[in-house]
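**Q** generate a structure from the sequence data that follows.
(2 chains)
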Amino acid sequence: MNKLDLDRAKVRQARALARRAGRPVVDLARHHTTVSVERAVLRLAGVTGADPDGIPWVNRLVDAVVADVGLGHGVAVPVFHALSVSGVHDLTLLAQKAAAGSVHFTLPSGAAATAARRASRRGVGAGIRQIDRRRAERDRMVARYGDPRQRPWIYLIVATGDIYEDIPQAQAAARAGADVIAVIRSTGQSLLDYVPEGATREGFAGTYATQENFRLMRAALDESSRELGRYVRLTNYASGLCMPEIATLAGLQRLDMMLNDSMYGILFRDINPIRTFVDQRFSRQVHARAGIVINTGEDNYLTTADAVEAAHTVTVSQLLNEYFAKEAGLADWQLGLGHAFEINPDLPESFRLELAHALLARELFPKAPLKWMPPTRHMTGDVFRGNLLDGFFNLVGAMTGQGILLVGMMTEAVVTPWLSDRDIALQNVRYVLNACGGLHEDFVPAPGGFIQRRAHTVLDESIELLGRIVDDGLLNAIADGTFGIMKRPADGGKGLSGVARHEPDYYNPATEILEEAR
Amino acid sequence: MSTIVRPYGDTTGDGMVQLSFTLPVPADKRAEGAALQLAAKMGMDPAMVVHSRGMGEGYTFFVVYGRVNHLVDLAQVRVVERDFPVLAAKEINTLVKRRLRRKLVVVGACIGTDAHTVGIDAILNVKGIAGEKGLEYYREFRVVNMGAQVSVPDLVERARQERADAVLVSQVVTQRDAHLHNTREMSAAFREALPAARRPLLVVGGPRFDELMAGELGVNRIFGRGTTPREVASYLVHALVGGVPSGVAA
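**A** Numbers count the residues shown, from 1 in each chain, chains lettered A, B, ... in the order given. Next up, the predicted model:
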């Protein structure tokens, strides 16, 4: 299918440039580790729980190792060596002792080092097998209950701050037609350098991502899946300073989709770029293994930059996200690349421009599900106009065959959605999908017409920008404010102190196992 | 002209309004009766339930049209009228250059856990909003945008370092009145850290603020929904550099 008559050579050129732009960053990621990657390793090895102040034992343990031998060797070997010499049999107990100062960490050599590596690989392997079992469980449930009957899948957000309020709301949303439930996180969470523990009942504009909250919501949606006869998917956010750990917890609790963008944390949360790329690569390796579909965050660029002028930055970011995702082992079906309906509705031909951009993404990534995001920037509080705009957004989704459709709320920018807002929004989606769900089969833009020409322009601009990024270096491009206008230098941002270059004896059994599989 | 008005449907003085709400009851005859009772208690008489729709097990959504008897007295309305002229970018730059003789320094941030930089970015980023460029675009302004989730002590420290003339804080999240708590904390911190003469002008903005609360929150000015960068720039010039000379005003 080539509805836009794209020049195949140009598409190949764009991908090749993305690869060249991304590769130095991947090399950087391969030679660095972070505190969160190491904590994820310990979570896979079975460390759970938190101290009385709510600081997880994985944090206490990593901090203790870093204080004794630094971060650059990885924590697996010193931790498992300490386990064997101290005679403690449980890692969480070891963490407690380390926090109390009664265990010290050293770097073994020779046979002791080999033994520690082997033991850590066994420990972490058990966690990865658990992720494998969860994936098989999902496959069985999808086989039994089935996927949604229509494309795009309908994606709805729940966000009360209280997991016990979220659960009935999520179940009600599933009953009303949602195929994917996303539990939005509390706004502060991305900058916490630990993952909170337990079921939580207080959050700001969202609910904390915790292992227990994941478990509770997944169990509730399993119930809904049985009731409704279709597998209802659960989404959360692998982003912020704890991205690798949250990805791991998602795999362990059978979450189905995770928001996971390669640059979002850098640009919008001012997290250090190197920290982000290292965390990103590990979290994507975990997602690949867990059979999780990632959702990337290109919609965000259009909330700060103009959606027409910056259309090509979305395409460039999609190509980079694709490269980073595939390098980490994700398959095409796992790439929910993002884009959004954010063009100023007062602009003449705005709907045709939206169609051109959405179809370009569809044609560039034919096997990826694509996540289509609703208008937010031009939602003014006029709920009547907002509902109309959402209808046009839904129409673009149907006409261009999008995979995942985030349901737009006409009360965007007014309140967190009410029960009735969600109901009206779902009626809007259902009307469009019912009236013309298969319209993408018929919709072929006129050869040489407005839509084709616009798509060609955006592709050309993307190639031009990618060329500049290759020349300049991706980290410099980010520092210069190429994406979303934010300027983020590689030596700035939050979380830099938790990054270390690998020492020659660096060992990470999780990365070893995840990379072997491919 | 009379200062007394009533809502307008299609005839002067008809008092017609529309209202939508949800009641936690199953959709049936009784639910409609319940909706009418609520409408009556809200002063709608007569009221018509024009639409009702069950949502899930035990909720019904209603749209009600009806007539209210209340009168609005325009003479009693209190709002913050804009007490400064909105100037063109060029005039703003000229005023700063002539009167201040240095760049006007603005430090902006989203404080607390609020990660929504949409507001502060719309005001500060060159890109601006609705076709109007942000404060970074003003040649005579020096803008420091600290971004999201900035702690109050960091904001105070940065404002001090940069010798800020004005501090702009944006707050979108309003759960549990976070925007009010954060603003009070911010203004208290500035009062504690700096003597009045050296304290920057404190300005907060966000869609859910009441513009009348500036004094109560300890800030110089509150801007609500729909504020443009040029209004903010004009206010800053008005407050910091003084009134507009007749030769410059638009």
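**Q** how about the residue lying closest to residue B:58 once chain neighbours are set aside, secondary structure?
**A** Of all residues not flanking residue B:58 in the chain, residue B:26 sits nearest, at 5.4 Å (Cβ to Cβ, 6 or more residues apart in numbering or on different chains). Bear in mind the C-beta positions are built from the backbone N, C-alpha and C, glycine included. Following DSSP: H, G, I helix; E, B strand; the rest coil, residue B:26 is assigned to coil.
**Q** quick one: the helices in the stretch 1-150 of chain A?
**A** In the stretch 1-150 of chain A, the helices defined using DSSP state H, counting those that start in this stretch lie at A:8-30, A:35-44, A:57-69, A:76-86, A:91-100, A:110-145.
**Q** now render those as TSV, adding mean neighbour count, mean pLDDT and distance to residue A:433.
**A** Shown next, in TSV, are these (neighbours: other Cβ atoms under 10 Å in any protein chain shown; pLDDT from 0 to 100; distance: least, Cβ to Cβ, whole Å):
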stretch	mean neighbour count	mean pLDDT	distance to residue A:433
helix A:8-30	17	97	29
helix A:35-44	29	98	38
helix A:57-69	22	97	44
helix A:76-86	22	96	49
helix A:91-100	19	95	48
helix A:110-145	16	98	20
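**Q** could I get the ones you listed as CSV with distance to chain B?
**A** As requested, those are arranged in CSV below (distance: least, Cβ to the nearest Cβ, whole Å):
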stretch, distance to chain B
helix A:8-30, 22
helix A:35-44, 18
helix A:57-69, 20
helix A:76-86, 32
helix A:91-100, 26
helix A:110-145, 21
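**Q** in contact with the residue located most distally from the centre of chain B, which residues?
**A** If you look at how far each residue of chain B sits from its centre, by Cα atoms, centre = their mean, the farthest one is residue B:29, at 41.3 Å. For residue B:29, no contacting residues are found, by Cβ atoms under 8 Å, 6 or more residues apart in numbering or on different chains.
**Q** nearest to residue B:103, out of the helices of the stretch 1-150 of chain A?
**A** helix A:8-30 (36.3 Å; Cβ to Cβ).
**Q** what helices or strands is the closest one leaning on?
**A** Secondary-structure packing of helix A:8-30 (3 or more Cβ pairs under 8 Å, 6 or more residues apart in numbering or on different chains; DSSP states H and E): helix A:273-290, helix A:311-327, helix A:450-472, helix A:474-479.
**Q** which stretch among these comes nearest chain B?
**A** Across these, chain B has its closest neighbour in helix A:311-327 (12.6 Å, Cβ to the nearest Cβ).
**Q** run the angle between the closest one and helix A:273-290 for me.
**A** 60 degrees (axes from the mean of the first three to the mean of the last three Cα atoms, to 10 degrees).
**Q** what's next to the following helix or strand past helix A:311-327, contact-wise?
**A** Counting by DSSP states H and E, the next helix or strand C-terminal to helix A:311-327 is strand A:335-336. Taking contacts as Cβ under 8 Å, 6+ apart, the residues outside strand A:335-336 that touch it are A:257, A:293-296, A:321-322, A:325, A:365, A:368-371, A:403-404.
**Q** run the chain-centre distance for strand A:335-336.
**A** Put simply, strand A:335-336 sits 9 Å off its chain's centre (Cα atoms, centre = their mean, to the nearest Å).
**Q** cool, stretch A:446-453 as well?
**A** Averaged C-alpha coordinates place stretch A:446-453 at 34 Å from its chain's average position (Cα atoms, centre = their mean).
**Q** could you do stretch B:193-205 as well?
**A** In this view, stretch B:193-205 has its centroid 20 Å away from the chain centroid, taken as Cα atoms, centre = their mean.
**Q** endpoints of that stretch, how far apart?
**A** Using Cα to Cα, to the nearest Å, the end-to-end distance of stretch B:193-205 comes to 22 Å.
**Q** anything in that stretch near chain A?
**A** No. Counting by Cβ under 8 Å from any Cβ of the partner chain, chain A is not contacted by stretch B:193-205; separation bottoms out at 14.0 Å.
**Q** return the set of buried residues in that stretch.
**A** Neighbour counts using 16 or more other Cβ atoms under 10 Å in any protein chain shown place B:199, B:200, B:201, B:202, B:203, B:204, B:205 of stretch B:193-205 among the buried residues.
**Q** mind putting those residues into a markdown table with secondary structure?
**A** Shown next, in a markdown table, are the buried residues of stretch B:193-205 (three-state DSSP):
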| residue | secondary structure |
| --- | --- |
| B:199 | coil |
| B:200 | coil |
| B:201 | strand |
| B:202 | strand |
| B:203 | strand |
| B:204 | strand |
| B:205 | strand |
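**Q** average pLDDT across the one helix or strand residue B:34 maps to?
**A** Residue B:34 is part of helix B:29-41, with elements assigned from DSSP H and E. Mean per-residue pLDDT for helix B:29-41: 97.
**Q** just stretch A:355-363 next, same as before
**A** Stretch A:355-363 comes out at a mean pLDDT of 98.
**Q** list the contacts of it.
**A** Contacts of stretch A:355-363 (Cβ under 8 Å, 6+ apart): A:1-4, A:6, A:311, A:314-315, A:318, A:337, A:339, A:341, A:370, A:372, A:396-397, A:399-402, A:445, A:450-452, A:454-455, A:458-459.
**Q** distance from it to the middle of the chain?
**A** On the basis of Cα atoms, centre = their mean, stretch A:355-363 sits 22 Å off its chain's mean C-alpha point.
**Q** convert the C-alpha atoms of it to CSV, please.
**A** Output in CSV follows, covering the C-alpha atoms of stretch A:355-363 (Å, rounded to 0.1, in the frame of the first residue of the first chain):
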residue,chain,number,x,y,z
LEU,A,355,-5.0,13.5,7.6
ALA,A,356,-1.7,14.0,5.8
HIS,A,357,0.3,13.7,9.0
ALA,A,358,-1.6,10.7,10.3
LEU,A,359,-1.4,8.9,7.0
LEU,A,360,2.3,9.6,6.8
ALA,A,361,2.9,7.8,10.1
ARG,A,362,0.7,5.0,9.0
GLU,A,363,2.6,4.5,5.7
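**Q** ramachandran coordinates for residue A:155?
**A** Reported as degrees, to the nearest 10, the phi and psi values for residue A:155 are phi -110, psi 120.
**Q** excluding its backbone neighbours, what's nearest residue 119?
**A** Since no chain was named, I'll use chain A. Closest residue in space to residue A:119, ignoring its immediate chain neighbours: residue A:80 at 4.4 Å, by Cβ to Cβ, 6+ apart.
**Q** hm, I was asking about chain B
**A** residue B:170 (3.8 Å).
**Q** I'm done for today, thanks for sticking with me.
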